[in-house]
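In: What shape does this take:
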Amino acid sequence: MQEYDVVIIGGGPAGLAAAISVKEEGIDNILILERENELGGILNQCIHNGFGLHIFKEELTGPEYAQRFIDKVEDLKIPYKLNTMVLDLNKDKWITAVNEEEGIIEIKTKSIILSMGCRERPRGAINIPRSRCAGIYTAGAAQKFVNVEGYMPGKEAVILGSGDIGLIMARRMTLEGAKVKAVVELLPYSSGLKRNIVQCLDDFGIPLRLSHTVIDIKGRERVEGVTIAAVGKDRKPIEGTEEYIPCDTLLLSVGLLPENELSKKAEVRLSYVTGGPIVDESLETNIDGIFACGNVLHVHDLVDNVTLESINAGKNAAKYIRDGKRRRGNKIEVTATSGVRYTVPKYINPENVEKSVDVRFRVRDVFKDSFISVYFDKIREMHIKKRILTPGKMETVKLTKELLNKYTNCRDITIKVQRE
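Out: Next comes the predicted model:
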């Protein structure tokens, strides 16, 4: 039996930042558990730049960004176990893990930080009919083949889905000599960041086909081509709009799912919208002492935001170790409505807020020349003009301690999109 004060599950950008934060708060008896053979998580295969603009005020590649935190983990002598898969955990914070050197490991801890990241939605989840031939990959798997293993998935590709990974792989495949015939998106707007559309598609002349989807795959041993079609408002193919595109590769960039199988075992309540845990202002779940941060909580657009969120989770886990259970009474529910999909956190207890709390959220659709409005019960306190709002970009509003104290009897904070 091994005992720790805080165990961080996941050694990606979220887990690393959280662990460093816990250590810097004076808690020494901590451990990082990582199932891969190195720390850094998904950043190790993201060799493009654009990371770190907010945290380090400079452009870094994914591995460079991760290495900054790995170096700090080493400098602070934070222990970690690699190639270690967590098999089980429960609400009493007992962890069962396994690795080659130690076999089955039983760990008892006072606090857990969930930072397992997310996984890609597979082909089976989107029901593309017909052939099961070779040449169909998720965009993340193709990214690992190209950037880490040094293999090209194919020479002529179509990409289904315009999430950031799909956009980045359109550029990466092109730079490696492949021909990307089209990026096909079911929705009438891209789900990726605007900068990635410009830098990865527009700069390379790669067409983006909005309101289209793949309806058929041709090929027996290997993909020979795909048929795409326009879709209506009901997202169903429109007869007569079919178009055949010859290709040998189909990449899927059709969404990310927070990796919460372990969270379910610990009886952590999950959001039906985000797929991640429901947390309060301290990023604590419904289970005392279990915190969540990063893409396991909700899918982020920028790793800098993951880092900031994870630092906060680490501070609160350390405070939990020092002070014990926090006050859970007098909590205010944060409600997403009128164009807002969800909020993180879902609950705020003003007594636990030191200076301010950041509420992060995404909108449901594209809105132009609109406002983000924040209501305390029925009183509008914030009305922020936005030239454009898109589902691909996460938004944030900062609620200060003074503002929360102004409404001592508030029961509901509502965030919505308004035209005026």
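In: so Leu43 touches Pro13, yeah?
Out: Yes. Using CB atoms under 8 Å, Leu43 makes contact with Pro13 at a distance of 5.8 Å. Any C-beta I mention is one placed from the backbone N, CA and C, and that applies to glycine too.
In: what sits in contact with each of those two?
Out: Both Leu43 and Pro13 are contacted by Tyr65, Ala66, Val303, under the criterion CB atoms under 8 Å, 6 or more residues apart in numbering.
In: right, and out of those, which lies closest to Val279?
Out: Val303 (19.4 Å; CB to CB).
In: and Ile104, bridged to which residues?
Out: Ile104 has these beta-bridge partners by DSSP bridges: Val98.
In: On the three-state scheme, the residue most central in space within the chain is what?
Out: Nearest to the geometric centre of the chain sits Val299, at 2.3 Å (CA atoms, centre = their mean). Judged by DSSP: H, G, I helix; E, B strand; the rest coil, the three-state class of Val299 is coil.
In: and Gly124, how many residues sit next to it?
Out: Counted by other CB atoms under 10 Å, the residues lying close to Gly124 total 7.
In: That one falls within a helix, correct?
Out: Yes. Under three-state DSSP, Gly124 falls within a helix.
In: Between Leu43 and Pro13, tell me which one has more neighbours.
Out: Comparing Leu43 with Pro13 by other CB under 10 Å, the one with more neighbours is Pro13, at 30 against 24.
In: State which helix of the protein is the longest.
Out: helix 303-323 (DSSP state H).
In: With just CA atoms, put it into CSV.
Out: The C-alpha coordinates for helix 303-323 follow below in CSV (Å, rounded to 0.1, in the frame of the first residue of the first chain):
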residue,chain,number,x,y,z
VAL,A,303,-3.4,24.9,-24.0
ASP,A,304,-2.7,28.2,-22.2
ASN,A,305,-6.2,28.0,-20.8
VAL,A,306,-5.7,24.4,-19.7
THR,A,307,-2.6,25.5,-17.8
LEU,A,308,-4.3,28.4,-16.0
GLU,A,309,-7.3,26.1,-15.1
SER,A,310,-4.9,23.4,-13.8
ILE,A,311,-2.9,25.8,-11.7
ASN,A,312,-6.1,26.7,-10.0
ALA,A,313,-7.1,23.1,-9.5
GLY,A,314,-3.7,22.4,-7.9
LYS,A,315,-4.0,25.4,-5.5
ASN,A,316,-7.4,24.2,-4.4
ALA,A,317,-6.3,20.6,-3.9
ALA,A,318,-3.4,21.9,-1.8
LYS,A,319,-5.8,24.0,0.2
TYR,A,320,-8.1,21.0,0.7
ILE,A,321,-5.1,19.1,2.2
ARG,A,322,-4.3,21.9,4.6
ASP,A,323,-7.8,22.9,5.6
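In: Quick one: mean pLDDT for that helix?
Out: For helix 303-323, the mean per-residue pLDDT is 96.
In: Repeat that for stretch 167-185.
Out: On average, stretch 167-185 scores 97.
In: helix or strand for the residue nearest to Glu267 when sequence neighbours are not counted, which one?
Out: Among residues not flanking Glu267 along the chain, Lys91 sits closest, at 4.8 Å (CB to CB, 6 or more residues apart in numbering). Assessed by DSSP states H and E, Lys91 sits outside every helix and strand.
In: returning to that earlier point: out of the shared contacts of Leu43 and Pro13, who has the most neighbours?
Out: Val303 (27 neighbours).
In: Do I have it right that the residue nearest to the centre of the chain meets Cys118?
Out: Yes. In this structure Val299 lies within contact range of Cys118 using CB under 8 Å: 5.8 Å.
In: Pull up the overlap in contacts between the two.
Out: Joint contacts of Val299 and Cys118 (CB under 8 Å, 6+ apart) are Leu256, Pro258.
In: returning to what we had before: as CSV, the shared contacts of Leu43 and Pro13 with distance to Phe145 would be great.
Out: As requested, the shared contacts of Leu43 and Pro13 are exported to CSV (distance: CB to CB, whole Å):
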residue, distance to Phe145
Tyr65, 21
Ala66, 19
Val303, 22
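In: Which member of the residues you listed is positioned nearest Ala19?
Out: Nearest to Ala19 out of the shared contacts of Leu43 and Pro13 is Ala66 (CB to CB; 13.1 Å).
In: Tell me, what's the model's pLDDT at the nearest residue to the closest one once chain neighbours are set aside?
Out: Here the nearest residue to Ala66 in space, its sequence neighbours aside, is Gly40; by CB to CB, 6+ apart that works out to 3.6 Å. Gly40 is assigned a predicted lDDT (pLDDT) of 97.
In: Do I have it right that Gly40 meets Glu64?
Out: No. In this structure, Gly40 is not within contact of Glu64 by CB under 8 Å, at 10.3 Å.
In: Would you mind telling me which of the two has the busier surroundings?
Out: Ranked by neighbour count (other CB under 10 Å), Gly40 and Glu64 place Gly40 first, with 22 against 16.
In: could you check the distance from the more buried one over to Asp71?
Out: Counting by CB to CB, to the nearest Å, the gap between Gly40 and Asp71 amounts to 11 Å.
In: now do Tyr4
Out: Going from Tyr4 to Asp71 by CB to CB gives 23 Å.
In: Over to Leu87?
Out: 30 Å.
In: cool, Ile206 as well?
Out: Counting by CB to CB, the gap from Ile206 to Asp71 is 36 Å.
In: who has more neighbours, those two?
Out: For Ile206 and Asp71, the more surrounded residue by other CB under 10 Å is Ile206, and the numbers stand at 20 against 10.
In: so what's the more buried one up against?
Out: Per CB under 8 Å, 6+ apart, neighbours of Ile206: Ala170, Arg171, Thr174, Val180, Ala182, Val183, Cys200.
In: repeat for Thr390
Out: Applying CB under 8 Å, 6+ apart, we find Thr390 in contact with Tyr189, Ser190, Lys194, Val363, Val366.
In: Since that was my last question, I'll sign off now.
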